[in-house]
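> Return atomic coordinates for the entry below.
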Amino acid sequence: MSTNQFTYEDVAKHSSDSDCWMVVRGNVYDVTKFLDEHPGGEEIMLEVAGKDATEQYNDVGHSTDADEIMKKFLVGSLHPDSKVVVVGWCLVLHRAVLRHVPKRTHART
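Okay, the predicted model is just below:
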């Protein structure tokens with residue numbers, strides 16, 4: 001098993017049909033070579049390319065065979081400090097280092 005750890009920011013860099021990564025259940029997969037073989041089609045995979053696809057993966061009800069196939073594409077796990085935070089309508093990537101960035105203060109006029 002791979003010991004590499006990635007952030008959501010790392011995974012987001014791999015969001016095309018020539019370089020397709022996704023997160024499923026905290027694990028990071030490079031599924032680029034599987035796109036043509038996916039029974040549901042390449043398009044469905046590309047919709048979640050570079051993102052956490054856990055909800056979509058679970059909603060479809062993939063078989064244990066699918067779980068076994070996924071093992072071939074495992075490249076690592078999601079870093080525990082990497083979180084996707086939803087703020088209003090925006091999706092914000094939050095990394096541990098951001099906790100150390102000073103808050104902005106706004107001058108009152």
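
> any idea what sits nearest residue 76, other than its immediate chain neighbours?
Nearest residue to residue 76 in three dimensions, chain neighbours excluded: residue 4, at 3.2 Å (Cβ to Cβ, 6 or more residues apart in numbering). Every residue, glycine included, has its C-beta placed from N, CA and C.

> Let me see the contact set for that neighbour.
28, 75-77 (Cβ atoms under 8 Å, 6 or more residues apart in numbering).

> Residue 61: which of these is nearest?
Lowest distance from residue 61 to the contacts of residue 4 (Cβ to Cβ) belongs to residue 28, with 22.0 Å.

> just checking, what packs against the helix or strand the closest one falls within?
Assessed by DSSP states H and E, residue 28 sits inside strand 27-30. Using 3 or more Cβ pairs under 8 Å, 6 or more residues apart in numbering; DSSP states H and E as the contact criterion, the elements in contact with strand 27-30 are strand 19-24, strand 74-78.

> quick one: strands adjacent to the shortest one?
So that's strand 74-78. strand 5-6 (parallel), strand 27-30 (antiparallel) (DSSP bridges).

> Please render the helices and strands packed on strand 27-30 as JSON lines that adds mean pLDDT, distance to residue 62 and mean neighbour count to the earlier fields.
Below are the helices and strands packed on strand 27-30 laid out as JSON lines (pLDDT from 0 to 100; distance: least, Cβ to Cβ, whole Å; neighbours: other Cβ atoms under 10 Å):
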{"stretch": "strand 19-24", "mean pLDDT": "96", "distance to residue 62": "9", "mean neighbour count": "22"}
{"stretch": "strand 74-78", "mean pLDDT": "96", "distance to residue 62": "15", "mean neighbour count": "18"}
